[in-house]
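1. Give me the fold of what follows.
(chains A and B)
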There are 2 protein chains.
Amino acid sequence: MSKKLTKRADDYSRWYNELVVKADLAENSAVRGCMVIKPYGFAIWEKMQAELDRMFKETGHQNAYFPLFVPKSLFEAEEKNAEGFAKECAVVTHYRLQNDPEKEGKLRVDPEAKLEEELVVRPTSEAIIWNTYKGWIQSYRDLPLLINQWANVVRWEMRTRLFLRTAEFLWQEGHTAHATKNEAIAEAKQMQEVYAEFAENFMAMPVIKGVKSDSERFAGAEDTYTIEALMQDGKALQAGTSHFLGQNFAEAFDVKFTSKEGKQEHVWATSWGVSTRLIGGLIMTHSDDNGLVLPPKLAPIQVVIVPIYKGEEQLEAISEKVNKIVNDLRKKGISVKFDSRDTYRPGAKFAEYELKGVPIRIAIGNRDLENGTLEIARRDTFEKQTINQSDVVATIESLLNEIQENLFKKAINFRKENTTVVNDFKEFKKAIKKGGFISAHWDGTEETEDRIKEYTKATIRCIPNDVVEEAGVCVLTGKPSSKRVLFAKAY
Amino acid sequence: MSKKLTKRADDYSRWYNELVVKADLAENSAVRGCMVIKPYGFAIWEKMQAELDRMFKETGHQNAYFPLFVPKSLFEAEEKNAEGFAKECAVVTHYRLQNDPEKEGKLRVDPEAKLEEELVVRPTSEAIIWNTYKGWIQSYRDLPLLINQWANVVRWEMRTRLFLRTAEFLWQEGHTAHATKNEAIAEAKQMQEVYAEFAENFMAMPVIKGVKSDSERFAGAEDTYTIEALMQDGKALQAGTSHFLGQNFAEAFDVKFTSKEGKQEHVWATSWGVSTRLIGGLIMTHSDDNGLVLPPKLAPIQVVIVPIYKGEEQLEAISEKVNKIVNDLRKKGISVKFDSRDTYRPGAKFAEYELKGVPIRIAIGNRDLENGTLEIARRDTFEKQTINQSDVVATIESLLNEIQENLFKKAINFRKENTTVVNDFKEFKKAIKKGGFISAHWDGTEETEDRIKEYTKATIRCIPNDVVEEAGVCVLTGKPSSKRVLFAKAY
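-> Below is the predicted model:
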């Protein structure tokens, strides 16, 4: 396979697909719509998991594990949710295969092993979890119940793309229960903040925090809080959502508690999740025509060291020096790889780590040994500098921070340049053609939202949390509007 | 629910089931045979995962993720493996539900959404992984390929028990590819060592390392290396297995590589796994009639501090002191919980943490404040001592080590006392009645093995790695035998 990538300007979608495969992040599998996450891609997910898990625990949540399967009768219990997922769920109907009497060496479903009740492979776990919570919640003393699960879920999507939309994906889903409406809303908003902090501080991906319109809301929720990011091609990516579920699931599964005052009340719920889709967002925020660009905080390898040598003897001398540097960097918690393979030339190694987005590359050759120097190259700006070996730890530490900040700043600038304030539908259509976020007045009706989507493929990404009340008129209908909302075409 | 446990001597199986539920480890779900792992139980699994994952990475393995579903045609490809799992696999046949025209508000499988090819929910991932490896392995440079996956798998077992045998369970499965037979065997044996080290050093659960007999071997393997533990009721538990798969999967999926000499050869494979079943083993190795007993290295809470107070003022004074102690202990990496809830009395708290197996309990009251003391109680021996507050960190640190060692020693002694060397079938039957491991000569035939199982329910757990060649005669047939093997009834 050629290592040469399609250019973003030529075909962004193709560039993305090629990059995911060539940088060894993931690939399609033999199962329609399901991906294999390769070790390098999974290492990014592990880094994401570790940070998110820490943040969840710091906000009082515990992990647990609930079954993969949801019996059909439970799946049906909360109507809106069931309707939302019925069209795309994988269903287990049998529990055994047998030898196919018509085809030697082949198996077929054993017709006698039909399940009495079909099992839905979880597209999300509200149903199975709320059915369980019924047994866990009796009194206000049992509340709040703050639980998270790391799991795989399945949604039988017809059009799939690696990381962005796959039939099976990995995610975390938080499911909490509270004594009051306000507490539940505060929880849902808190998790939106946690997601935003993760996206910006770790992924270096700026996000707009907001609330979804009625038609874009999660099936079964009263309110969906979202974080929306802008990709390099001007399309938005919903990167994480946190739902205030009201009492819908508590009512559907009859989950009540005795309040301090001795009254029986239904509990209030939230759920919130982010998924391997984040890796897609990470790629489309920072990467370039040369390959992946990773923010140091999530890079599986932060620094790679490539020796430039002729013959065994030079390699040995360089290795001795490098091993010390590797140890010094590791002591500071920096992940370093020393690539001393003799099966590849330095140029090939440079290209590989560029493609894989390693933030800093160190090259060290014979002359460097003599001079006590080494060469440092940044992946984000391609800048190079030669420094003294004695400065390596301090230089790398500050450079990693600088790269992390630079990536975030670049992304913030990109979003600024690609956010357009429009006041009529002509401007709207022009802006949509250009791409990016569009801030526009909207009359608040689903009908208008639908029509705008039909004409332009743009949807309301969110009503931003920091929206300012401002008198205006809807870009489509001219009806009065009190605030601008954010439109974009979206993944 | 009464907190009183059935006694082990009265009904071991009932004791186990009650303990798992009452100690908040897990419970049965609405899905037949699938469990909910509750936060406290899951916290133990997280600790196990963290240690194992570290050990896997230290031995050069990387994590990845492969699809949940295996298309039937891939599932069939390796015959022995397919046959082994066909009888107990969950099968997805449809990808959509629709409104049931006959039942208002109900859903049914949409007959038009039938999959062209059925999908098996993975009972293990050899098939899907080896189908993927075909694309990853071309040259000897691509080998060895050392990959692990943390995942859920499903085996439609008819008789299930929490942790020990459930339809869905969590596990890790390593899948490696090697250029030579010897390398693959060395890898399989290495992972057996890793498992044994984890079992003994972290779970404080002694294990016998050995190899399985032909009939107990994994379907599709050439050799299965196992670690076998002895539970308190005299039954054995297969705690982890590592398989040398020969070239079976490489042949079934046509995975070849070009050797250094330029020859095309099939690669050599291993797979190895441990699961949430380990938690069952942990429980049945150490726990007692009062509840769970956890080795400190895997205890989610290592130390609990319970204040003994009257009134708000005393609690405040105690809390001030305790907060300092908590900080000091946490600095040493010890997980501490200060339970200052005013909704429960100290006695109830003592009972709760005893049931939950917290290794050390500290009690501190008003008199302790005056004297500068506190009371420490061990969960494993129930020993109590009063110490000076200034000694608390050093005392706790050494006590945690002592408890870890004591649990292992006790378990080793139990196994010694419950391992019987027998020389004829009368002795064999007597020993089986008593329970435990039985070391006996066997003529090496599957027929004899089957007959012994039929007569006594005992199976060959393994041929121990450290078996000594010794002339003898088979306990059942009297035929000559060159070594003893290990029998037991097993979970």
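2. Helices along the stretch 251-400 of chain A, start to end?
-> A:277-286, A:311-331, A:346-355, A:366-371, A:392-417 (DSSP state H, counting those that start in this stretch).
3. residues contacting whatever residue of the stretch 251-400 of chain A ends up closest to chain B?
-> Nearest residue of the stretch 251-400 of chain A to chain B (CB to the nearest CB) works out as residue A:343 at 6.1 Å. C-beta here means a position set from N, CA and C on the backbone, and glycine is covered the same way. By CB atoms under 8 Å, 6 or more residues apart in numbering or on different chains, the residues touching residue A:343 are residue B:141.
4. Tell me how many other residues crowd the nearest residue to residue A:399 once chain neighbours are set aside.
-> Leaving aside its sequence neighbours, residue A:399 sits nearest to residue A:360 (CB to CB, 6 or more residues apart in numbering or on different chains; 6.1 Å). Residue A:360 has 24 neighbouring residues, counting by other CB atoms under 10 Å in any protein chain shown.
5. Give me the nearest residue to residue A:24, chain neighbours excluded.
-> Distance criterion CB to CB, 6+ apart; nearest residue to residue A:24, sequence neighbours excluded, is residue A:40 at 4.4 Å.
6. any idea how far that neighbour is from residue B:64?
-> Note on residue A:40: its distance to residue B:64, by CB to CB, to the nearest Å, is 9 Å.
7. Which one's more surrounded, the two?
-> residue B:64 (23 against 18).
8. Now the phi/psi pair for the residue of the stretch 251-400 of chain A closest to chain B, please.
-> As for residue A:343, its main-chain torsions (degrees, to the nearest 10) stand at phi -90, psi -10.
9. Check what pLDDT it gets.
-> Per-residue confidence at residue A:343 stands at 86 (pLDDT).
10. How about the one 4 residues further on?
-> As summarised for this prediction, residue A:347 has a pLDDT of 96.
11. swap in residue A:2?
-> Value for residue A:2, per-residue pLDDT: 54.
12. With residue A:79 instead?
-> On the pLDDT scale, residue A:79 gets 89.
13. so it makes contact with residue B:105?
-> Yes - if you go by CB atoms under 8 Å, residue A:79 and residue B:105 touch, sitting 7.1 Å apart.
14. Comparing those two, which residue is more hemmed in?
-> Using other CB under 10 Å as the criterion, residue A:79 and residue B:105 rank with residue A:79 on top: 13 against 10.
15. Would you mind measuring from the one residue sitting closest to the centre of chain A to residue A:164?
-> The centroid of chain A falls nearest to residue A:278 when counting by CA atoms, centre = their mean (1.6 Å). Using CB to CB, residue A:278 is found at 10 Å from residue A:164.
16. repeat for residue A:449
-> As judged by CB to CB, residue A:449 and residue A:164 stand 23 Å apart.
17. How about residue A:249?
-> Plainly put, residue A:249 is 28 Å away from residue A:164 if you go by CB to CB.
18. looking at the helices of the stretch 251-400 of chain A, which is buried most?
-> helix A:277-286 (a mean of 25; mean count of other CB atoms under 10 Å in any protein chain shown).
19. and that one, what does it pack onto?
-> For helix A:277-286, the elements it packs on are helix A:12-22, helix A:39-58, strand A:236-246, helix A:392-417, judged by 3 or more CB pairs under 8 Å, 6 or more residues apart in numbering or on different chains; DSSP states H and E.
20. Just send these back as a markdown table, with mean pLDDT and distance to residue A:354 too.
-> A markdown table is the format used below for those (pLDDT from 0 to 100; distance: least, CB to CB, whole Å):
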| stretch | mean pLDDT | distance to residue A:354 |
| --- | --- | --- |
| helix A:12-22 | 98 | 11 |
| helix A:39-58 | 98 | 14 |
| strand A:236-246 | 98 | 24 |
| helix A:392-417 | 98 | 14 |
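21. neighbours around residue A:361, how many?
-> 21.
22. Work out for me the element residue A:81 sits within.
-> For residue A:81, the element it lies in under DSSP states H and E is helix A:79-86.
23. Of all the residues in that helix, which ones are buried?
-> A:81-82, A:84-86 (16 or more other CB atoms under 10 Å in any protein chain shown).
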